[in-house]
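Chemist: With the input below, show me the fold.
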Amino acid sequence: MNTLPQQLANGLLLGSMYGLIAIGYTMVYGIVQLINFAHGEIFMTGAFGALTVYAYILPDGTSMVVAVPLMLIGGGIVSVLVAVGAERFAYRPLRQAPRLAPLITAIGLSLALQEVVRNFYPGADKDRSFPSLDGSHDIGSVTITDADIFLVVAAIVCMSGLAWFVRKSRTGRAMQATAQDPDTSQLMGIDTNRIIVIAFAIGGFFAAVAAVSYGLKYGNIGYRMGFLMGLKAFTAAVMGGIGNIYGAMLGGVVLGVAETLASAYINHIPGMQQLGGSGWANVWAFCLLILVLLFRPQGLLGERVADRA
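Modeler: Alright, predicted model coming up:
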């Protein structure tokens, strides 16, 4: 139990990363009823965009205080462009098609983005080293790194900014209206195509923030990094209530904490010694999702609603 505070901190940090990615899933689904399975690869392209800025644009020896904001801008630009391009050229032509068509397209786009990065980015067929923040700080029995601080601050700023944007701005209110009834919103003068593009762009930028945080924390990135992180983030979005941006962040935190605690402590339960450790983390994460879907299928903050006609 002496390690419990540290494990809780680790879970909150991991959950914050899941939550940032999950917001992209939940915003897109809330507006166009589309599960964008290529969102994990948008996260991945953001990481490589940030690495491009650091490795090929900034001069050697650039301070991380200067480099990190520029990497964030570079990664954000790449992720937003990929997300908006996917919406314009892959999803918009299929908006009136049966739901299975855009779902299959999203899976195909995911695989295509992986292969493009693997084949055309220098050295991407193996994991690439990413600049990391190595400083650490002790708060009681909890140790956090500079990368952890960056992640927490970024998550708080992004979530607070999004909450203000959705509640207070004219565009945010238009997003809420489009999510409730896109046809009526269009009749009332709202440019729903523009609103959908903005939703994809915000999700892409949040994915880039998570990607930079991932690289700074773990010190390497790879072209396959988006698959599992995207799947976990989708799990978090479903767990919190798909379509609810606050639920996405809550689902991410719950998933991160549950995954960390299960990895650390389940093997101490008599008869379950073989079921603990990091190798079982993914198993317990998806077991938690199954339990949530069994007992509260609408998610932790979701509401039961009828299917849109």
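Chemist: okay, CA-based contacts and neighbour counts for the rest of this
Modeler: Noted.
Chemist: for the stretch 151-300 of the chain, what spans make up the helices?
Modeler: 170-180, 182-187, 192-218, 225-240, 245-265, 281-295 (DSSP state H, counting those that start in this stretch).
Chemist: Where among these is average confidence lowest?
Modeler: Lowest mean pLDDT within those: helix 281-295, a mean of 85.
Chemist: Restrict that helix to CA atoms and write it as PDB.
Modeler: Extracted in PDB, the C-alpha atoms of helix 281-295 (Å, rounded to 0.1, in the frame of the first residue of the first chain):
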ATOM      1  CA  ALA A 281      -3.000  -4.200 -18.400                       C
ATOM      2  CA  ASN A 282      -4.800  -4.200 -21.700                       C
ATOM      3  CA  VAL A 283      -6.900  -7.200 -20.700                       C
ATOM      4  CA  TRP A 284      -8.200  -5.500 -17.500                       C
ATOM      5  CA  ALA A 285      -8.900  -2.300 -19.400                       C
ATOM      6  CA  PHE A 286     -11.200  -4.000 -21.800                       C
ATOM      7  CA  CYS A 287     -12.700  -6.100 -19.000                       C
ATOM      8  CA  LEU A 288     -13.700  -2.800 -17.300                       C
ATOM      9  CA  LEU A 289     -15.300  -1.700 -20.600                       C
ATOM     10  CA  ILE A 290     -17.400  -4.900 -20.800                       C
ATOM     11  CA  LEU A 291     -18.600  -4.300 -17.200                       C
ATOM     12  CA  VAL A 292     -19.600  -0.700 -17.900                       C
ATOM     13  CA  LEU A 293     -21.400  -1.800 -21.100                       C
ATOM     14  CA  LEU A 294     -23.200  -4.500 -19.200                       C
ATOM     15  CA  PHE A 295     -24.500  -2.400 -16.300                       C
END
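Chemist: Buried by neighbour count: which residues of that helix qualify?
Modeler: 281, 282, 284, 285, 286, 288, 289, 292 (16 or more other CA atoms under 10 Å).
Chemist: Likewise for stretch 190-206?
Modeler: So stretch 190-206, judged by 16+ other CA under 10 Å, has buried residues 190, 192, 195-206.
Chemist: if I look at residue 139, how far off is residue 33?
Modeler: Applying CA to CA, to the nearest Å, the value for residue 139 to residue 33 is 43 Å.
Chemist: More neighbours: which of these two?
Modeler: residue 33 (16 against 9; other CA atoms under 10 Å).
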